[in-house]
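Peer 1: fold the following, please.
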Amino acid sequence: MRYLYGDSVPFPQQYDFLAALDIFCTQAARVVRLDAESRGFQRSAEEAVTGRAHAVEALEAFHKEAVGALRDGSQDQGQPLIDDYVRQVSEVAQRIVDEVRRHAADTSEREQVAARTEWDRRRAETRDAVEKLLIAVRLLATDTQIRMVLSGGLTNDISGRFAFDGGLVAAFALAAEAVEDWQRPRRVGDLASGLTLPVGVRRSLFKRTVAPETITLDDYVLGGFELHDDHAELRLRKKPELADSLVFSLRRTDDHVLAEVHYPEDAEAESGLPAALDVSSAAEMERLWQVVRNSCGPVLSRKKTLITLSLEGADVFEGALATKVVEHVVRAIAPTVQDIARRSPNAQELSLKLESDSGRREEIYLKKSQLVTALATVPAEARAVFDPLGILPTEPRDTIESLNDGARAPVA
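Peer 2: Residues are numbered from 1 along each chain as shown. Take a look at the predicted model:
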């Protein structure tokens, strides 16, 4: 199946972008709404604490002035009863002030605990929404790092770290189990057969020395790997249930690849054999590197769980940067949304087509009013985040709720 624009021109992003856009708008609206609510909640809590502190300060100042006036007035009287009266009134008044101060402090502490609890709840909701929108929309990564660990000798746990323009970096656990080739441990021979290298260990019968031995790695199993654009680490083991016995480190230079081998389970081999591989062996390992990377292609689009997310080096959720992430994604997908809108035959819909290998075509579409309804849940003052999509009317913002299926939303 192939995706086409509504005017039958091939659609460059070969996936159901309209379904992704629907999810994105729903979850992005949720993010921006939660962010705005959190900021308002935090501002109200801070204002309440500040107002309470100012009230206590005012009471203390009044108390000091009132007690001072009483004492000044009693000095000219020379009457013990008056002096005793002033003393008792001052003590009672001081107890009242102390009680008000304690009550204010206790109230502020309770509100701060409640505010932290509410903040954590909203942050968890925000994380869930950000995870869903980033899984739905396939952004173009400028750099991809892939990591795999063979867990329990049975499961290939694969994760990916994706860097995007603008300093956005996301790491996801990937659903390797959904791809048939990765549902079981991978043998080297299934990926790059005939891989023969001088990385075996030949031991002397009479001396405690070791020498390299050329062996075929076809029956070895991938115990794990870390794949980058310019360097990689590949870990092999003899059987799935055993520990990794060979670890290859590779680094690409301008004109060739440098490779080393290490023996984590064999101290004699690690200290007695050269680490650097010759040029031909390094080229063979590069072949395995590239085959493994290519085989991970179907897994990379199957994002399962968000692990970490940062924007320009700062943690998105610790730094309350989720709305910034939405802005980033909006800028990235806006040109595609506008292209689809221009090529859609109905001004109230966004349309794509699916074409089968037999030439049969069917239309898929998304009503703009459906997206407007989702975005209408965002406070009016925060809706400008979504302007680049060309879905919402720009002025006046408070009329958005009145849009219906027949209302035409302008497209930039």
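
Peer 1: for residue 305, give me phi and psi.
Peer 2: Backbone torsions of residue 305, given as degrees, to the nearest 10, read phi -140, psi 130.

Peer 1: and residue 89, how close does it get to residue 76?
Peer 2: Distance of residue 89 to residue 76, computed by C-beta to C-beta, to the nearest Å: 17 Å. Yep, even glycine has a C-beta here, placed from its N, CA and C like the rest.

Peer 1: more neighbours, these two?
Peer 2: residue 89 (13 against 8; other C-beta atoms under 10 Å).

Peer 1: surely the more buried one and residue 69 touch.
Peer 2: No - applying C-beta atoms under 8 Å, one finds residue 89 not in contact with residue 69, separated by 11.2 Å.

Peer 1: need the three-state assignment for the residue most central in space within the chain.
Peer 2: Centroid-nearest residue in the chain: residue 309, 3.2 Å away (criterion: C-alpha atoms, centre = their mean). Applying DSSP: H, G, I helix; E, B strand; the rest coil to residue 309 yields a three-state assignment of strand.

Peer 1: contact partners for the nearest residue to it once chain neighbours are set aside?
Peer 2: Nearest residue to residue 309, sequence neighbours excluded (C-beta to C-beta, 6 or more residues apart in numbering): residue 316, at 4.4 Å. Going by C-beta atoms under 8 Å, 6 or more residues apart in numbering, residue 316 touches 130, 309, 310, 322, 324, 325.

Peer 1: what's the closest non-adjacent residue to the third one?
Peer 2: So that's residue 310. Nearest one to residue 310, counting by C-beta to C-beta, 6+ apart, is residue 169 at 5.0 Å.

Peer 1: neighbours around that neighbour, how many?
Peer 2: Count around residue 169 with other C-beta under 10 Å applied: 20.

Peer 1: could you do residue 86 as well?
Peer 2: Neighbours around residue 86, by other C-beta under 10 Å: 18.

Peer 1: which residues does it contact?
Peer 2: Contacts for residue 86 were tallied using C-beta under 8 Å, 6+ apart; they are 70, 71, 74.

Peer 1: helix/strand/coil for it?
Peer 2: Assignment for residue 86 (three-state DSSP): helix.

Peer 1: from residue 22, how far off is it?
Peer 2: In terms of C-beta to C-beta, residue 86 sits 75 Å off from residue 22.

Peer 1: okay, and the beta partners of the residue nearest to residue 310?
Peer 2: residue 163, residue 310 (DSSP bridges).

Peer 1: now do it against residue 362, distance only.
Peer 2: Counting by C-beta to C-beta, the gap from residue 169 to residue 362 is 38 Å.

Peer 1: same check, this time on residue 268
Peer 2: From residue 268 to residue 362 the distance is 65 Å (C-beta to C-beta).

Peer 1: and what of residue 90?
Peer 2: 87 Å.

Peer 1: and these two? which has more neighbours close in?
Peer 2: Remark: of residue 90 and residue 362, residue 90 carries more neighbours, 16 against 10, as counted by other C-beta under 10 Å.

Peer 1: and the more buried one, what element?
Peer 2: According to DSSP states H and E, residue 90 maps onto helix 80-136.

Peer 1: beta partners for the closest residue in space to residue 362 that isn't next to it in sequence?
Peer 2: Nearest non-adjacent residue to residue 362, counting by C-beta to C-beta, 6+ apart: residue 354, 5.2 Å away. Beta bridges link residue 354 to residue 3, residue 362 when assigned by DSSP bridges.

Peer 1: let me see the contact set for residue 354.
Peer 2: 1, 2, 3, 4, 361, 362, 363, 364.

Peer 1: quick check: the gap between it and residue 15.
Peer 2: Separation of residue 354 from residue 15 (C-beta to C-beta): 11 Å.

Peer 1: for residue 268, same thing?
Peer 2: 52 Å.

Peer 1: okay, the contacts of residue 354 in a markdown table with pLDDT next?
Peer 2: Below are the contacts of residue 354 laid out as a markdown table (pLDDT from 0 to 100):
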| residue | pLDDT |
| --- | --- |
| 1 | 86 |
| 2 | 92 |
| 3 | 93 |
| 4 | 93 |
| 361 | 91 |
| 362 | 93 |
| 363 | 93 |
| 364 | 93 |
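
Peer 1: and the residues you listed, which are buried?
Peer 2: 3, 4 (16 or more other C-beta atoms under 10 Å).

Peer 1: what's residue 5 sitting at in phi/psi?
Peer 2: phi -70, psi 170.

Peer 1: tell me which residues of stretch 109-116 are tucked away?
Peer 2: Neighbour counts using 16+ other C-beta under 10 Å place 111, 115 of stretch 109-116 among the buried residues.

Peer 1: with only the CA atoms kept, save it in PDB.
Peer 2: Taking C-alpha atoms only, stretch 109-116 is exported to PDB below (Å, rounded to 0.1, in the frame of the first residue of the first chain):
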ATOM      1  CA  GLU A 109       2.900  24.200  54.500                       C
ATOM      2  CA  ARG A 110      -0.300  22.200  53.800                       C
ATOM      3  CA  GLU A 111      -1.000  24.200  50.600                       C
ATOM      4  CA  GLN A 112       2.600  23.600  49.500                       C
ATOM      5  CA  VAL A 113       2.300  19.900  50.000                       C
ATOM      6  CA  ALA A 114      -1.000  19.900  48.200                       C
ATOM      7  CA  ALA A 115       0.500  22.000  45.400                       C
ATOM      8  CA  ARG A 116       3.500  19.500  45.000                       C
END
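
Peer 1: and residue 197, bridged to which residues?
Peer 2: Taking DSSP bridges as the rule, residue 197 bridges to residue 215.
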